[in-house]
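# what would the 3D arrangement of this be:
(one chain, ligands or ions: 1)
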Amino acid sequence: MELLKQRILRDGKILSKDILKVDNLINHQIDPQLMMAIGVEFARRFAYTRANKILTIEASGIAPALMTGYCMGIPVIFAKKSQPSTMQNVLSSPIHSFTRDKDYTIVVSTEYLRPGDKVLCIDDFLAYGSAAQAMDNIIKQAGATSVGLGVVIEKKFQGGGDKLREQGIHIESLACIEELADGKITFTD
Ligand code: 5GP
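Predicted coordinates:
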């Protein structure tokens, strides 16, 4: 997605050869016009799936997931990173965050993911694939079907995308990064 790539080149900051900071458009300050364009693009690419729900993980996945859900006319569920006392029956999966170097468990209420649901997963970044794998686990526990994964930014060099594609998951990434080196962002195309 050309507009997104231009914004990443203009505003993204390379924190290390592994981590890209996009705090002024996605991860802290959010650009609503860009987010809507992202939602339109995901909706176009995944229209064929006939998904009836979107699943993401709080917090940074919510904005792109919400815009996609708006464009597709379907509800958006976000997995929580801790279980509220008010939530009783949960589906859960462990996850490792490499940006925070922390293990935690994500939870979704059984009320919102049902057998037979066709679920599209959306997230901000795809690195090693732990977040996407955790969403896939939760969908399987619900007896629902995963119809694809949309990521705003894929860092291809960390291998998560290839691993998930080998498992048969259809992934659409709107900006795919080949390398973050010497202060330069190189896209795959
Ligand atoms: P994975 O689980 O695929 O290893 O990593 C994906 C998750 O880690 C995303 O949900 C995102 O929040 C976070 N993440 C991974 N890489 C980056 C990065 O380069 N920058 C930022 N801001 N977040 C990242």
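
# could you list the buried residues of the longest helix seen in the chain?
Longest helix of the chain, by residue count under DSSP state H: helix 32-46. Neighbour-count burial for helix 32-46, with 16 or more other C-beta atoms under 10 Å as criterion, is recorded at 34-39, 41-43, 45-46. Where you see a C-beta, it was placed from the backbone N, CA and C, and this is true even at glycine.

# run the angle between the helix or strand following it and helix 32-46 for me.
Past helix 32-46, further along toward the C-terminus, the next helix or strand under DSSP states H and E is strand 53-57. For strand 53-57 and helix 32-46, the angle between their directions (axes from the mean of the first three to the mean of the last three C-alpha atoms, to 10 degrees) works out to 130 degrees.

# now do strand 53-57: which elements does it pack against?
Other helices and strands packing on strand 53-57, by 3 or more C-beta pairs under 8 Å, 6 or more residues apart in numbering; DSSP states H and E, are helix 62-72, strand 76-79, strand 118-126, helix 130-142.

# how about the ones you listed in TSV, adding distance to the ligand?
Converted to TSV, the helices and strands packed on strand 53-57 look like this (distance: least, C-beta to the nearest ligand atom, whole Å):
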stretch	distance to the ligand
helix 62-72	11
strand 76-79	11
strand 118-126	4
helix 130-142	4
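
# now these as JSON lines including distance to residue 102?
Listed next are the helices and strands packed on strand 53-57 as JSON lines, based on distance: least, C-beta to C-beta, whole Å:
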{"stretch": "helix 62-72", "distance to residue 102": "19"}
{"stretch": "strand 76-79", "distance to residue 102": "16"}
{"stretch": "strand 118-126", "distance to residue 102": "16"}
{"stretch": "helix 130-142", "distance to residue 102": "11"}
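
# would you mind finding the most buried of those?
The highest mean neighbour count among those, using mean count of other C-beta atoms under 10 Å, belongs to strand 118-126: a mean of 24.

# any idea how far it is from the chain center?
Centroid separation for strand 118-126 versus its chain: 4 Å, with C-alpha atoms, centre = their mean, to the nearest Å.
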